[in-house]
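Student: next comes the sequence, and after it the predicted model I'd like to discuss.
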Amino acid sequence: MRALAASVVAIVVFTAALGFGYPALMTGFAQVAFPHQANGSLVVRNGTVVGSSLAAQEFTSPRYFHERPSATSPAYNAAFTTFSNLGPTSPALAKLVRTNAQAILKLEGPYNPGLTIHDIPVDAVVPSGSGIDPDITPAYAALQSRRVAAVRHLPLATVQLLIRENTAGRTFGFLGEAGVNVLELNLALDKLGGN
């Protein structure tokens, strides 16, 4: 009976300490030390939240840079991140890549003469691990730059400069890959203007 009582006390104490106390302590620390990140890295323009720098949102207008495909349902649902879990030999992955590549060729082809499926960066056709990655590769941004410049009636060099200004390098100079935050890039475009 003493062992049972000790077990129950241990469960209650550890549940309170590790299930409630530790998360509350870490949440409080994050709110004090990193309030912007702890509250979702929200991007605010003119007093209005327009998105998060950590989660992709859908841009469909040809005036904007587009993000990676989403694996969430509904698409770009930050409350439910997921991944497709399709292996390299999966027929479903092959179909997904083919469908997305055809959409890219249709959208970007008129602005990039001679564009072939082999010129399309992989992040343009497959979702990221989280399903809502906010960044695209500089190569995918470059592919879209001619369309955005043409639709907005901006010089291509201006759009390419915005891409460079909104490209984050590798973490600590050697971890990961360079990325372009689509939301930040599109906000910079809107600030610049153009039709």
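Tutor: Perfect, I can see it now.
Student: by mean pLDDT, point me to the weakest helix or strand of this structure.
Tutor: Comparing every helix and strand of the chain by mean pLDDT, DSSP states H and E singles out helix 35-38 as the least confident one, with a mean of 80.
Student: quick one: it to chain centroid distance?
Tutor: What separates the centre of helix 35-38 from the centre of its chain is 18 Å, taken as C-alpha atoms, centre = their mean, to the nearest Å.
Student: list the contacts of the most centrally placed residue in the chain.
Tutor: Nearest to the mean C-alpha position of the chain, counting by C-alpha atoms, centre = their mean, stands Pro134 at 1.6 Å. When the contact criterion is C-beta atoms under 8 Å, 6 or more residues apart in numbering, the partners of Pro134 are Ser52, Ser53, Leu54, Ala55, Ala56, Glu67, Asn181, Val182, Leu183. C-betas here are computed from N, CA, C, even on glycine.
Student: isn't the fourth one up against Ala75?
Tutor: Which is Ala55. No - contact between Ala55 and Ala75 fails when scored by C-beta atoms under 8 Å: they sit 11.9 Å apart.
Student: quick one: list the elements packing against the longest helix seen in the chain.
Tutor: Longest among the helix segments of the chain by residue count, using DSSP state H, is helix 91-108. The contact analysis (3 or more C-beta pairs under 8 Å, 6 or more residues apart in numbering; DSSP states H and E) places helix 91-108 against helix 138-152.
Student: if you set the cut-off to 6 Å instead, what comes out?
Tutor: Helix 91-108 is packed against no helix or strand, with contacts defined by 3 or more C-beta pairs under 6 Å, 6 or more residues apart in numbering; DSSP states H and E.
Student: buried ones in that helix, by neighbour count?
Tutor: Neighbour-count burial for helix 91-108 flags Leu93, Leu96, Val97, Asn100, Ala101, Ile104, Leu105, Leu107, Glu108 (criterion: 16 or more other C-beta atoms under 10 Å).
Student: can you check stretch 1-19 too?
Tutor: So stretch 1-19, judged by 16+ other C-beta under 10 Å, has zero buried residues.
Student: check stretch 27-44 too.
Tutor: Val43.
Student: contact partners of it?
Tutor: Residues from elsewhere that reach stretch 27-44, judged by C-beta atoms under 6 Å, 6 or more residues apart in numbering: Val49, Val50, Gly51, Ser52, Ser53, Leu54.
Student: ok, 10 Å please
Tutor: Outside stretch 27-44, the residues that touch it by C-beta atoms under 10 Å, 6 or more residues apart in numbering are 26, 49-55, 78, 134, 181, 183-184, 187.
Student: gap between that stretch and the chain center?
Tutor: With C-alpha atoms, centre = their mean as the basis, the mean position of stretch 27-44 lies at 18 Å from the chain mean.
Student: same deal with stretch 88-105?
Tutor: Using C-alpha atoms, centre = their mean, we find the averaged C-alpha position of stretch 88-105 to lie 20 Å away from the chain's own average C-alpha position.
Student: same deal with stretch 101-121?
Tutor: Averaging C-alpha positions (C-alpha atoms, centre = their mean) puts stretch 101-121 21 Å from its chain's average.
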